[in-house]
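Asks: all I have is the shape, not the residue letters:
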């Protein structure tokens, strides 16, 4: 969540709680005709606010703001998936039997909208099972 979303949600919860208290007070201490009118205005206002929030959320989703940003520094390794039985990093070695075959259809993921891979970096956007990544790394089977 961005830095302003959490306080905005708390403010909305406080305002909603105050609104419920006011509606209950009008229903108890006022007449039912007034409570009915206040509840109608409050319901229409809440519906309009919900419409605005949903349109804003849909517009932001279409721009790709919901994805992660992956930035790999020099000689870094970033993997967005499984890395079982892999030799990762400079000079690493793994001796293990091959991993079982993945299930049909694979793993579906949402890919990040921005990836930066600097000089000497390795970025794998998916599964890196049974791999050797990095300088002088070695993956062997017994």
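Replies: Yep, that arrived. Computed from a predicted structure; not experimentally measured. Numbering: from 1, shown residues only.
Asks: where does the chain have its least confident helix or strand?
Replies: strand 69-72 (a mean of 68; mean pLDDT, DSSP states H and E).
Asks: low-confidence stretches in the chain?
Replies: 1-2, 60-71, 99, 101-113 (pLDDT under 70).
Asks: distance of the closest residue to residue 27 other than its chain neighbours relative to residue 77?
Replies: Leaving aside its chain neighbours, residue 27 sits nearest to residue 35 (4.2 Å; criterion: C-beta to C-beta, 6 or more residues apart in numbering). Any C-beta I mention is one placed from the backbone N, CA and C, and that applies to glycine too. Using C-beta to C-beta, to the nearest Å, one gets 63 Å for the distance from residue 35 to residue 77.
Asks: where do the helices sit along the protein?
Replies: Secondary structure of the chain (DSSP state H): helices located at 5-29, 32-62.
Asks: mind checking which of the ones you listed is nearest residue 138?
Replies: helix 32-62 (43.0 Å; C-beta to C-beta).
Asks: which of the residues in the closest one are buried?
Replies: 35, 38, 42 (16 or more other C-beta atoms under 10 Å).
Asks: by contact count, what packs against that helix?
Replies: With contacts taken as 3 or more C-beta pairs under 8 Å, 6 or more residues apart in numbering; DSSP states H and E, helix 32-62 sits against helix 5-29.
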